[in-house]
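**Q** Starting from these lines, generate the structure:
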Amino acid sequence: MSSAKAAKLAGSRSRWLLLAGTAMLSALFVCAIGSPIVTGKQFVASDLGNYYLPFRQFFSNCLKTGAPPYWCPNIVSGIYMHGEGHMGMMHPVQRVLYRYLPLRAAIPVEMLFWFAVLYAGAYLLFRKWGSSALAASAGAFVVTFGGHALLWIVAPNALAVLSHVPWLLLAIHGIARGTSAYRVAGWCMAAALLTGSQLLLGFPQHVLDSILIEGGYLLCVAAPGQLLSRVALLTSTKVAAVLIGAAQLLPTWTELQRSPRAAPTLALLSVGSVHPYNLLQWINPFVLRNRHFGDLNLHEFGIYCGVGTLLLFLWLCMSPLKSGLDSRLRGLFITLALVGLFLSLGEYNLVFPLYARLPVIGLFRCPGRYFFVTSFAAAGAVAVSVDPFVSGAPLSLRLRRWLRTLAVGMASLALVVSIDALISGSPSGGMFSTAPKVLLGCAIVCVGCGLFWFAVEGGNLARTVFLAFVLGDVGFYHLTHVLQFQTARNPTASLTLPPVPPPGPVYAYPVDDRNRLMLDGYRLVDGYVALVQKSALGYESPVFRLLAGSKANEGPSGWELVPHPFDRVRLLSSVVVSADPARDLERVNLATTALAFEPVGVDPGATGRAVIQEDSPGRVRIRTEGSGALLVALTERFDPGWTSRVDGEHVSVLRVNGDFLGVTVPAGRHTIELAFDPWDLRWGVKVSLLGLALLGLYPACAYFAERRRLHAGQ
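**A** Purely as a prediction, here's the structure:
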């Protein structure tokens, strides 16, 4: 066998081995993420256990019992859960999963589904660029399991939004390069549906990441003479997508307007900015305590994409490329990487105050979430660089020297940082990690730099080993992160349960994991939510707890029973008009008197009784009997979406005692039916259906465009 054939055979075997290794690493992630399906346990780490698990249980129970899931009475004395924007209640995938699967399976299946969508889309996109199966698999692995997307496993809706990005780029490629009006129309419809799907999933901040990447990609692939027309087409798809997503966007917008976050301060917007200390992750991934520097969790501040990935990115930036598309993609990756990093720094990039007040951008805190743009650029760079790197693209002597110097410099920097961390020590509150972790991170970086040095100079084996290291590095880092997630068969076992049976209600000490009490059926007077609504009394005030009917309050020393808790429904014959309930509630007898913002017609001294006939999410039916006109005061929080009927006749709901729901009832026997039916949800659904119908304009316009072209040709 000739040396050329032997080298070709060896290269082919190396590629197959790397493909097999990528598949094995992906299988390990699938097993780790899907383990709750087999073990019966649930992830209870971070927001996944403290926020998404209890709310998804509520969503699932409602779908299976036929109750409307839009209003949740189990937290903050009632909240517009659909308006919160983190459940994706209107998305068909979410509704199918949580309607037909048990909760312990639905959450991991949801995550695995969106990971599969992201991996498949990235693979097809990278193949569209001309990358080999190996290069496309490597890039897809890095973007799916080796970067920002994997860290956001704690927020499944965010992961779901990010998984649409490669598919959107495929659609944009079709829009930019389409030769037939019908094909362009089809790709426009696909782009509109994909962005509409993102908006329905309810994590709009990551949609901004997607739009940044999409805009850059369109500039990269569109022909100069057609750029303006393609930009117009893409803009039209976004308009259609906003209409399709209105069923989620409109409720979230109205909830936002009632929240303090509608007018955020600069300090609030800067929360979650990536501190420059986090750049040390690229020099030593384990040098920082908890792998990052900052008060929030790793998914907000984790920027490590692998030292091998970084070296390949730099190799791509410095190497000559034969393909014009590859050259444009290289420019795109560099631009996106820098833009994503710049935006993620937030308050540390010096110009943050100048753009933080811009429309839309100024609504979101946690700038670190823009790092997905950089993470995606790094994965794209891997996909484009693997083929020329493996084939041993010829490099000049000067370039090889620069690359070797780069590897030596990075290894030296890792040694310096690690030695400084070891000398500084790692006290309980320090920024550096323990000595074993610092040494492990230093070893990983030094080994990666050494392998890169040999790969630049060596043959096929050295390059294969380095690429194996690239995948193993990001795989090890992110897999160990997932394996650290706390799981529990009973998520509330670690909590001290209230001394009253569910539903309570109860006031839990303000710690995030108290949301898990919802899993046992408790209704919480307070809780951890995204869009906290403005309160006239303050959710933690003793008066709010009393009016919310709390039967037990938790403090630093434990639970305490409330001596005389208010009933779920009370009939009151005394109402005082007040413009400042927080002040005036201290001056009245709350057991017999209510405050209202406007006069309420009741008969002083009237008496009566009330019986609750139905009390389910978003629905309350009460049977009353009174000697005169009375005010029915509930422990449910007021929201403009509530409607009321007395004996079938519509009556206005009232905001009483500052934050709570009330309705008047005349003398005699009556049936009151309260239902949560917000206008924004009704109109949002109608607008979404209109948006879907308007997609038909694309093929219609394509038909007339083709007819015009044919007539012009004749």
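
**Q** CA atoms for contacts and neighbours, from now on please.
**A** Fine.

**Q** Counting neighbours, show which residues of the helix or strand bottoming out on mean pLDDT in the chain come out buried.
**A** The least trusted helix or strand in the chain, going by mean pLDDT, DSSP states H and E, turns out to be helix 3-39, with a mean of 77. By 16 or more other C-alpha atoms under 10 Å, the buried positions in helix 3-39 come out as 11, 14-15, 18-19, 21-22, 25-26, 29-30, 32-37.

**Q** what about the residue lying closest to Tyr51 once chain neighbours are set aside, how many residues close to it?
**A** Distance criterion C-alpha to C-alpha, 6 or more residues apart in numbering; nearest residue to Tyr51, sequence neighbours excluded, is Asn515 at 6.7 Å. Applying other C-alpha atoms under 10 Å, we find 27 residues neighbouring Asn515.

**Q** Asn515 and Tyr52 touch, don't they?
**A** No. Assessed by C-alpha atoms under 8 Å, Asn515 is found out of contact with Tyr52, at 9.6 Å.

**Q** picking up where we left off before, what sits against the residue nearest to Tyr51?
**A** Asn50, Tyr51, Pro54, Ile75, Leu524, Gly527, Tyr528 (C-alpha atoms under 8 Å, 6 or more residues apart in numbering).

**Q** Give me the buried subset of these.
**A** Members of the contacts of Asn515 classed as buried by 16+ other C-alpha under 10 Å are Asn50, Tyr51, Pro54, Ile75, Leu524, Gly527, Tyr528.

**Q** how near is the spatially closest residue to the first one that is not a sequence neighbour to Val154?
**A** Among residues not flanking Asn50 along the chain, Asp513 sits closest, at 4.9 Å (C-alpha to C-alpha, 6+ apart). Per C-alpha to C-alpha, to the nearest Å, Asp513 is found 14 Å from Val154.

**Q** Tell me which residues touch Trp402, please.
**A** Per C-alpha under 8 Å, 6+ apart, neighbours of Trp402: none.

**Q** host element of it?
**A** helix 397-424 (DSSP states H and E).

**Q** How about Phe55?
**A** Per DSSP H and E: helix 53-65 holds Phe55.

**Q** Give me the distance from the helix or strand following that helix to the chain's centre.
**A** Counting by DSSP H and E, the element after helix 53-65 in chain order, helix or strand, is strand 71-72. Mean-position distance between strand 71-72 and its chain equals 20 Å (C-alpha atoms, centre = their mean, to the nearest Å).

**Q** quick one: secondary structure of Val271?
**A** The local conformation at Val271, judged by DSSP: H, G, I helix; E, B strand; the rest coil, is coil.

**Q** Could you measure from it over to Gly368?
**A** 9 Å.

**Q** The two: who's more crowded?
**A** Each of Val271 and Gly368 has its neighbours counted (other C-alpha under 10 Å); Gly368 has more, 25 against 18.

**Q** residues touching the residue nearest the centre of the chain, list them.
**A** By C-alpha atoms, centre = their mean, the chain has its centre lying nearest to Ala158, at 2.4 Å. Counting by C-alpha under 8 Å, 6+ apart, Ala158 makes contact with Trp152, Phe203, His206.

**Q** and which of the residues you listed is nearest to Trp453?
**A** Checking those against Trp453 with C-alpha to C-alpha, the nearest one is Trp152 at 33.1 Å.

**Q** Do you know the pLDDT at the residue nearest to Tyr51?
**A** Asn515 carries a pLDDT value of 91.

**Q** So it versus Arg261, what's the distance?
**A** Relative to Arg261, and taking C-alpha to C-alpha, Asn515 is found at 21 Å.

**Q** related to what we said a few turns ago, minimum pLDDT in the contacts of Ala158, which residue is that?
**A** Minimum pLDDT across those falls on Phe203, with 88.

**Q** Enumerate every residue touching that one.
**A** Gly85, His86, Asn157, Ala158, Val161.

**Q** buried stuff in stretch 649-661?
**A** Using 16+ other C-alpha under 10 Å as the test for burial, stretch 649-661 gives Val651, Val653, Leu654, Arg655, Val656, Asn657, Gly658, Asp659, Phe660, Leu661.

**Q** Helix or strand: which one has Leu634?
**A** Per DSSP H and E: strand 630-637 holds Leu634.

**Q** Now do that strand: distance to the chain's middle.
**A** 35 Å.

**Q** mind listing the strands for the stretch 51-200 of the chain?
**A** 71-72, 79-80 (DSSP state E, counting those that start in this stretch).

**Q** Tell me which of the ones you listed lies nearest to Ala582.
**A** Closest among the strands of the stretch 51-200 of the chain, using C-alpha to C-alpha: strand 79-80, at 20.6 Å.

**Q** Report the distance from the strand or helix carrying Leu329 to the chain centre.
**A** Taking DSSP H and E as the criterion, Leu329 maps to helix 324-345. Taking the mean of its C-alpha atoms, helix 324-345 sits 23 Å from the chain's own mean (C-alpha atoms, centre = their mean).

**Q** Next SSE downstream of it?
**A** In N-to-C order, the element after helix 324-345 by DSSP H and E is helix 352-355.

**Q** for the chain, what are the low-confidence residue spans?
**A** Of all residues in the chain, those with pLDDT under 70 make up the ranges 1-12, 322-324, 426-429, 713-714.

**Q** try it again with 50
**A** 1-10 (pLDDT under 50).

**Q** circling back to that earlier point, which strands or helices does the next helix or strand after the helix holding Trp402 pack on?
**A** The helix or strand immediately downstream of helix 397-424 is helix 435-457, counting by DSSP H and E. Packed against helix 435-457, as judged by 3 or more C-alpha pairs under 8 Å, 6 or more residues apart in numbering; DSSP states H and E, are the following elements: helix 307-318, helix 397-424, helix 460-483.
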